[in-house]
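Novice: below are the sequence and a predicted model for it; my questions follow.
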Amino acid sequence: MTPAPGARAEAPPRPVTFPRLGGAALGRGLVTAYLSVIVLIPIAALVAKSTEGGLAEFWDSLTSPLAISALKLTLIASVIVTLINVVAGTAIAWVLVRDSFPGKRIVNSVIDLPFALPTVVAGITLLALYGTDSPVGINVAFTRAGVVMALLFVTLPFVVRAVQPVLLELDREMEEAAASLGAGPLTTFRRVILPNLTPAILAGAALAFARAIGEFGSLVLLSGNLPKTQVASLFIFAQIESGNTTGAAAVSVTLLVIALVVLLLIGRLTHWSLRHAR
Amino acid sequence: MLASPTVSRLGLRFFALGYLSLLLLIPVGMIVYRALEHGAGAALDQVTTPEALHAFYLTILIAAIAVTANTIFGIGCALLLVRSEFRGKALLNAAIDLPFAISPVVIGLSLYLLYGREGWFGGWLLDNGFQILFSLPGMVLATIFVSLPFVVREVVPVLHEIGDEQEQAAQTLGANWWQTFWRVTLPAIRWGVAYGVVLATARALGEFGAVAIVSGRVVGETETAPLWVWREFGQFNLTGAYAASLVLAMLAIGTLLAMNAFKRKEA
């Protein structure tokens, strides 16, 4: 008999009921209450606000010219950023695992810096080098190129950190077999290595995309508050500032739905490709 | 061995390191230069004004409260997810990750709507003298929201890995729940907890978008360090903004060093 998809080979050990007696129920209640107060109820309030005036008003807010252009810019920039991350992130992970050079350990720990650096500092960091008084003569301040650059900065670690562990565990014998059968390095990479990396690349790309569509702090100074660089998060902020919370809520809910759908889809896709790789 | 020509290996190395340098290393180095351009004294004067000091104090205070709350929640929630079975577990597991998928601005707006005068909670709370928005509680709530998943996500895999034999042994020998947790479980998961705490702290110290909305940004009162940097940069006090950025960047680098230390201990 073939096991149902997702079934484990052996039954998992029976978990200890870890506080005994009524403790588990109490713990469950506390955890649920905390999560509800902090996360779930605020999101519910947001969704309620966005549809307060009915679906027609929701749609009107969403399809106002400014909202449309903000959402469009957000999606296009995030797709570009995700694609660049897929290539650059995989290359960086490759170099960190398969290459050796002096200072590799330092480079490896620096990868996480964008996660640790406050986002507004990330924006200022880029402006210090590529801003209006750039010492190298490149000025991306208040441009869409600047938006893409800031998003690349804050999403840098996702693909690298997803691919790196998989590459470390990858069995080199497969590559050696491919090479001994006459495959060139490119063929080996495309036919042997890449299929093994795909789930990790997709997972990292999804996280990078979800992060990119919501990014705010690194863009707030770089965008210069201009319509042409106004991504969705900046649009939402501007709407709140001018008192149009309904419009802000409509775009917020849209962003939220896009992020959740992408994460869910990629989760499914990763699961699928993992099963088909075997 | 894979017959990989040296040229392509060097090319790839050049590309990867070049990308990292242009996007990350040189810009971060520039912050140091810009902050100290007019001398360390000038930079120090900028970040030790009463307003700047208050902003740093507030940032550290909020991070301390938020991370403590999330650490207690994170350990409890991870134990629940790994060591017990109940209906809705998959749902709880998915809900934990929500803050990763939500823009900070959207988080800020959600709290703004909930605790504003017209909000579900805001009206009642205000009538009874509780000011959440534009004051410390709102900023703490926003920071807890954004840094919520880190400890849970670091502790869950560790709990899976250590298994529950030792816990069962302790309980068989007569240890109660608290003794088992304090003497057996906690020591085994401590590096996972530490790693999660470091990640949550980094996120909490740098939080910008959500706090920008719920704080109302009252100078000297509800202005955190990242908000201070933003305002000063906007007012062309570049030395001040770069100097405070450098302080925050140094905190981030400290975090990074702690992460590396804990990761090695964990392994």
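Specialist: Thanks, I have the structure now.
Novice: from here on, just use CA atoms for contacts and neighbour counts.
Specialist: Fine.
Novice: what stretches of chain A score poorly on pLDDT?
Specialist: A:1-23, A:276-278 (pLDDT under 70).
Novice: can you list the residue ranges for helices in it?
Specialist: A:23-35, A:41-50, A:54-62, A:65-98, A:104-110, A:113-116, A:119-130, A:144-169, A:172-180, A:185-188, A:194-214, A:219-222, A:232-241, A:245-277 (DSSP state H).
Novice: now the stretch 151-267 of chain B against chain A: closest residue?
Specialist: Residue nearest to chain A within the stretch 151-267 of chain B (CA to the nearest CA): B:Gly206, separated by 3.8 Å.
Novice: returning to that earlier point: please work out which of the helices of chain A is packed deepest.
Specialist: helix A:119-130 (a mean of 27; mean count of other CA atoms under 10 Å in any protein chain shown).
Novice: name the residues that touch that one?
Specialist: By CA atoms under 8 Å, 6 or more residues apart in numbering or on different chains, the residues outside helix A:119-130 that reach it are A:114, A:134-141, A:150, A:153-154, A:216-222, B:23, B:26-28, B:30-31, B:34, B:206-208, B:226, B:229-230, B:242, B:245, B:248-249.
Novice: are any of these buried, and which?
Specialist: The neighbour count (16 or more other CA atoms under 10 Å in any protein chain shown) marks A:114, A:139-141, A:150, A:153-154, A:216-222, B:23, B:27-28, B:30-31, B:34, B:206-208, B:226, B:229-230, B:242, B:245, B:248-249 as buried among the contacts of helix A:119-130.
Novice: once you drop chain neighbours, what's closest to residue 204?
Specialist: Unless you meant another one, I'm taking chain A. In space, and not counting its chain neighbours, A:Gly204 is closest to A:Val159: 4.2 Å by CA to CA, 6 or more residues apart in numbering or on different chains.
Novice: sorry, I should have been clearer: chain B.
Specialist: Leaving aside its chain neighbours, B:Ala204 sits nearest to B:Ala63 (5.1 Å; criterion: CA to CA, 6+ apart).
Novice: over to B:Phe150?
Specialist: B:Phe150 sits nearest to B:Gly196 (CA to CA, 6+ apart), 5.2 Å away.
Novice: can you list the buried residues in the helix or strand harbouring B:Ile75?
Specialist: B:Ile75 is part of helix B:50-83, with elements assigned from DSSP states H and E. Using 16+ other CA under 10 Å as the test for burial, helix B:50-83 gives B:51-56, B:58-60, B:62-63, B:66-68, B:70-71, B:73-83.
Novice: between helix A:23-35 and that helix, find me the angle.
Specialist: Helix B:50-83 and helix A:23-35 are oriented at 140 degrees to each other (axes from the mean of the first three to the mean of the last three CA atoms, to 10 degrees).
Novice: quick check: next helix or strand after helix B:50-83?
Specialist: helix B:89-96.
Novice: so what touches that next one?
Specialist: A:Thr32, A:Leu35, B:Leu81, B:Leu148, B:Pro149.
Novice: and that helix, average pLDDT?
Specialist: For helix B:89-96, mean pLDDT rounds to 90.
Novice: how about that helix: buried residues?
Specialist: Result for helix B:89-96 [16+ other CA under 10 Å]: buried residues B:Leu92, B:Ala95, B:Ile96.
Novice: just the CA trace of that helix, in CSV.
Specialist: The C-alpha coordinates for helix B:89-96 follow below in CSV (Å, rounded to 0.1, in the frame of the first residue of the first chain):
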residue,chain,number,x,y,z
LYS,B,89,-2.9,23.8,15.5
ALA,B,90,-2.2,24.2,11.8
LEU,B,91,-4.2,27.4,11.9
LEU,B,92,-2.2,28.7,14.9
ASN,B,93,1.0,27.7,13.2
ALA,B,94,0.1,29.7,10.1
ALA,B,95,-1.1,32.7,12.0
ILE,B,96,2.2,33.1,13.8
